[in-house]
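Student: just need the structure, nothing else, for what follows:
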Amino acid sequence: MKFRTILIAAAALAAPIAAIAPAHADGGIFVGVNQGSIAVGGFDTVSYFQGDGVPVKGDARFTVQYMDAEWRFSSQANADAFKENPAAYAPQFGGHCAWAMSRGSLAPGDPQVYKLVDGKLYLNVNKQVQSMWLKDIPGFIAKANVAWKNIPTGQRFGD
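Tutor: Sure thing, here's the model as predicted:
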């Protein structure tokens, strides 16, 4: 079973480049092909930081355009909070998987596989990868911060 988990993680990290649509180079927001230009799979990023921290889907009635992506929110109040300070609510590494980024790779973040750390939102590609990431969150974040700065702008998408 352990070998299968490793294979799943390797496959998850090997395939994502083909599944990524444009974002900005100055922090790039991952928007998957299946969601067009909708950021974070349509989830309300403010909702991660409220109440029990369980994200909710946004509603097309409450949208904000930010970094060439459409961000959806569950209420006008959440949309307004995001407009006031998008950096406070946007996921780190443009919504790419934090563990993959710690290894210098781009992989799509799953908006339902996440962790809030020191007031910041981090996504992982799947639960198997997240279980590895949880073993050394501070170490992986430090490595990912360095790797994110070193991703060539042409690979950060949307230059």
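
Student: and stretch 58-71, how far out from the chain middle?
Tutor: Mean C-alpha position of stretch 58-71 versus that of the full chain (CA atoms, centre = their mean, to the nearest Å) differs by 15 Å.

Student: buried ones in that stretch?
Tutor: Gly58, Asp59, Phe62, Thr63, Val64, Tyr66, Met67, Asp68, Ala69, Glu70, Trp71 (16 or more other CB atoms under 10 Å). Heads up, the C-betas are built off the backbone N, CA and C, glycines and all.

Student: what's the span of stretch 47-58, first residue to last?
Tutor: 9 Å (CA to CA, to the nearest Å).

Student: and that stretch, how far out from the chain middle?
Tutor: Relative to where its chain is centred, stretch 47-58 has its mean C-alpha point 15 Å off (CA atoms, centre = their mean).

Student: picking up where we left off before, give me the lowest-pLDDT entry from the buried residues of stretch 58-71.
Tutor: Within these, Asp68 has the lowest pLDDT, namely 80.

Student: so can I have JSON lines of the buried residues of stretch 58-71 showing secondary structure and distance to Pro111?
Tutor: Formatted as JSON lines, the buried residues of stretch 58-71 follow (DSSP: H, G, I helix; E, B strand; the rest coil; distance: CB to CB, whole Å):
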{"residue": "Gly58", "secondary structure": "coil", "distance to Pro111": "10"}
{"residue": "Asp59", "secondary structure": "strand", "distance to Pro111": "15"}
{"residue": "Phe62", "secondary structure": "strand", "distance to Pro111": "17"}
{"residue": "Thr63", "secondary structure": "strand", "distance to Pro111": "16"}
{"residue": "Val64", "secondary structure": "strand", "distance to Pro111": "16"}
{"residue": "Tyr66", "secondary structure": "strand", "distance to Pro111": "16"}
{"residue": "Met67", "secondary structure": "coil", "distance to Pro111": "16"}
{"residue": "Asp68", "secondary structure": "coil", "distance to Pro111": "18"}
{"residue": "Ala69", "secondary structure": "strand", "distance to Pro111": "13"}
{"residue": "Glu70", "secondary structure": "strand", "distance to Pro111": "14"}
{"residue": "Trp71", "secondary structure": "strand", "distance to Pro111": "12"}
